[in-house]
Each structure stands twice: as C-alpha cells, then as structure tokens.
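# my questions are about this predicted structure, shown below with the sequence.
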Amino acid sequence: MGSSTNHLSVVDPINVSALREAAGDNSGPVVFVFLEIFSCEGGIQSYVKDIFKAYLEQPTPAPADVFLLRDGAEVDNPYACSLLRFHYLASTPAAWGRVRLVAALLGHLLRQRPQRVVCGHVLLLPLVAPLCRWLNLPYTVVTYGKEVWEPLPPWPQKALRQADQIWAISRYSRDRACTAHDLDPAKVHLVPCAVDGDIFCPGPADPALVDAYGLAGCPVLMTVARLWSGDIYKGVDVTIRALPAIAVAIPTVKYLVIGRGDDQPRLAALAEALGVSDRVVFAGFVPTEALVAHYRLASAYVMPSQEGFGIVYLEALACGLPVLSGDRDGSADPLQDGRLGWRVPHRDSEAVAAACIEILTGHDCRCEGSWLRQETLAAFSPQALANCLHQALKANPRATRLLN
C-alpha cells in the first residue's frame, strides 16, 4: 500500500490525470476528431451535432478542440464557441488533408496533453490511434452501426481493441461490435441518439405541400433515406414491393420517399413495373429544417432497414407517427423492443404489407400519437443524451488500470 501511494505521488502528468478522473474530476481538455459534419447531411452528422449540444450541457464542460478532416472553414457551424474550438482540414487532394490532420493533431496533443481523445469513426483509427499510443494518451472510439458489425482488417481491429473506451449508439451495435472484434464489453458505453421534442412535434399538414405532392385525401407512408445503390438495406425497394398488397386494402395509399441518390432510377422503374408508380412520390432532398413539415404529411413512417440506431425513427415518433422498422438491428432501441412500433424482417415485403395495413386500419396503442411522443421523449430527450455523455466522459478504464 505504501509503495503504491509513493508511486502515485510522483509528478507524472498521466498518473495525475488518472487520479483526477478516478475522483470524478472531468475538468481536463478533450479532443474530438471527426470525418465531416457540416459539409453533408445524414444520420451520423445529426448524431454528432447532438453530441456537441450535449457536451455544452455538461455540468462543468472543459474547452474541447474539434478536428474535422473533410470540412472546410467556409461551412456553416453554429456550434463554434469558446468551449468548442474547431479546426478545419479539408484539402485537395484528400491525401493532403490526412497529412495536415496528423501534423495538426500531433502538435496539439504534444502541447495540450488532453484528458482524452475521441476518435469519431473507425476510418480515422489509422491516423489517431498511433499518435495516442505513442504519446500514451487515452482514446475513445465512436461507433455507429454497420462499420463495426463485421471484423475489421487486423490493424484497425487491434486499434479498436486497444481503445480505452468505445461509445456505441445502440445495444445491437454494441453486441455486434463486441462479437466481431472480441471487445471487452466493460469498455463499451451506450451514448444513444436523441430527438428534440421542441422541433419534432405533431402539427397540421401544410396544404401547399399536400398539393405539391398530390396527397389530398390519401393515407401516406413515408421514408427518409439516402437513395444510394450501396444503401439498398434502407428498404425503400421492399416497401415499393409491398404497395400492391397494401393498395388492395387501402386503395388511396401513397408512398412519400424523401432523399436522393443514384438508386432512384431503379426504384422508379420498380414502381413502374409493379404498376404503382402513381402511388410513389419521390420528393428528393429535403433540408433538416423542412423535415418536420414533411413528417406531418404522413400517416406512418416505414423503413424496414438495418440501422445502427435510426434517428429518423425518433423524429417520426416525436411527431406522433406510428413506425415500422426491421427486426434485427439497432431500431430495437428507439422502438423500445417493439413496444412503440412494428418490427418485421427487413427484406420481407409481405410482412411489410401486413404491418402497414394493420397500422393504417387498426386501433393498436402503437398508433396513439401522444403516447408515442411521450414515451419517446422520456427515453431519448437531449437531456437523456447529456446524462449518458456525462457518464461516458466520467468513466476511464485506463485510469482504473493505472491506479490498480
């Protein structure tokens, strides 16, 4: 006991940091490293923006530096402030951006010796992990979904295992990642998505949008998804295949698809071949600020997908919409294991059709909008995310190892 105490009293920056963290002192600086957040829109980008908000809601947030590999200084960034200092490294060619990131990050880590480095994607591990290992700095890896469901190549997998902490957005992604990479579950902290109920809320349909999309008098199924040929797992094609059967029971049904991508021609051709092209409305890209008005056009949100979590499910539920998802993915969390929605095999168009008919014609409690909203906000509010983030930032397995 005496020798251990003497050892820890030595003036060593890393051991002092460990003592502070073990005591619950989270006042040290943090470094975040992400791919791109402001130059494109998507689920990951939305989630990371919520992380920024949650970080600023911490009881005593320390200043944090945020390094962005693919964003340039010209982006619209409402989160820049004295507590979140952004470093933009977008470059042409892209390889030069990686060189700039390594140089800027190395200099910053040498000068600041942060309490932790948060690596915002496994694709960044080859750049971030070697620096942290060389400087003996703790690092956290943020994981989202499919990118960690299957084994990574040997070197990134080793870097993932050597991380002091891993954040996962859902139980399903946590379990798949632990199995695929033989991770210690004690290192993994759930930091789930959140939805702002002040923004995403029920309301009347905008008559101008109803007219623009030809939806008057129609029950409307809706999906928000990238229409990329590499993302067919989103299930838009499955829902289109389900439409003929749905239309037999619900003759006026229409399907509103929000999103853009190179797969739209294939999807439009599929609808034409199935004789439902007049029921499918491709709305194209809709900016985040206009999404709420589009959710209000819908009778149900349908996305039989394979998601790491699926923040769009939270948005729909907060707007009071019944929801359909896949049954083997991270959607178990926002749908609370089926308590708040329908979960079906994600490539089964017959199951999708049966569930949609039940949603549009039934009286299931999972169609009660006010209750869906209440239960969703109770579990996935911004404050709930801030609390989860606070717990993850307080925890430090590496400090525990040093102290022991």
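In hand now; what should we look at? Quick caveat, the model's predicted, so the values are computed rather than measured.
# so how far is stretch 338-352 from its chain's centroid?
Its chain's C-alpha centre and that of stretch 338-352 lie 21 Å apart, by C-alpha atoms, centre = their mean, to the nearest Å.
# same thing with stretch 106-117?
26 Å.
# so where do the helices sit in the stretch 1-150 of the chain?
2-8, 13-22, 43-56, 94-112, 125-135 (DSSP state H, counting those that start in this stretch).
# pick the most deeply packed of those helices.
Most buried of those, by mean neighbour count (mean count of other C-beta atoms under 10 Å): helix 43-56, with a mean of 20. Where you see a C-beta, it was placed from the backbone N, CA and C, and this is true even at glycine.
# got the domain ranges for the protein?
2-194+383-403, 207-380 (automatic domain parsing).
# identify, out of these, the most deeply packed stretch.
Highest mean neighbour count of the domains of the chain: domain 207-380, a mean of 19 (counted as mean count of other C-beta under 10 Å).
# quote the end-to-end distance of that one.
31 Å (C-alpha to C-alpha, to the nearest Å).
# likewise stretch 247-255?
11 Å.
# going forward, the N-terminal residue is numbered 27.
In the new count, where the first residue is 27, that last one comes out as stretch 273-281.
# and it, how far from the chain's centre?
The answer for stretch 273-281 is 32 Å, by C-alpha atoms, centre = their mean.
# can you list the neighbours in contact with it?
Stretch 273-281 has contacts (C-beta atoms under 8 Å, 6 or more residues apart in numbering) with 239-241, 243-249, 265-266, 269, 272, 302, 305-307, 328, 382-383, 386-387.
# at 10 Å instead, please
Contacts with stretch 273-281, where a contact means C-beta atoms under 10 Å, 6 or more residues apart in numbering, come from 239-249, 262, 265-266, 268-269, 272, 297, 301-302, 304-308, 323-326, 328, 379-380, 382-387.
# check the secondary structure at residue 182 for me.
helix (DSSP: H, G, I helix; E, B strand; the rest coil).
# which element is encountered next along the chain beyond the helix or strand hosting residue 268?
Using DSSP states H and E, residue 268 maps to helix 262-275. On the C-terminal side of helix 262-275, the closest following helix or strand by DSSP H and E is strand 280-284.
# strands paired with that next one, and their directions?
With DSSP bridges as the test, strand 280-284 is paired with strand 246-250 (parallel), strand 306-310 (parallel).
# put the alpha carbons of stretch 238-257 into CSV.
The C-alpha coordinates for stretch 238-257 follow below in CSV (Å, rounded to 0.1, in the frame of the first residue of the first chain):
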residue,chain,number,x,y,z
ALA,A,238,-47.4,19.9,-54.3
TYR,A,239,-47.1,16.1,-53.8
GLY,A,240,-50.7,15.2,-54.7
LEU,A,241,-51.5,13.7,-51.3
ALA,A,242,-55.0,15.2,-50.7
GLY,A,243,-57.3,12.6,-49.1
CYS,A,244,-54.6,9.9,-49.1
PRO,A,245,-53.1,7.9,-46.2
VAL,A,246,-49.4,8.4,-46.6
LEU,A,247,-46.5,6.1,-45.9
MET,A,248,-43.2,7.9,-45.6
THR,A,249,-39.4,7.1,-45.7
VAL,A,250,-36.5,9.4,-45.2
ALA,A,251,-33.3,7.7,-46.6
ARG,A,252,-30.3,8.1,-48.9
LEU,A,253,-31.2,6.6,-52.3
TRP,A,254,-27.8,5.2,-53.0
SER,A,255,-27.2,2.0,-54.8
GLY,A,256,-24.8,1.0,-51.9
ASP,A,257,-27.6,1.5,-49.3
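# ok, now how distant is residue 148 from residue 182?
6 Å (C-beta to C-beta, to the nearest Å).
# between these two, which contacts overlap?
155, 167, 174, 207.
# so what's the third one up against?
In other words, residue 174. So residue 174 contacts 148, 167, 182-183, 186, 192, 194, 199-200, 202-204, 206-207, 209, 334 (C-beta under 10 Å, 6+ apart).
# cool, residue 407 as well?
220-224, 340, 344, 413.
# likewise for residue 311?
Going by C-beta under 10 Å, 6+ apart, residue 311 touches 67, 252-253, 284-287.
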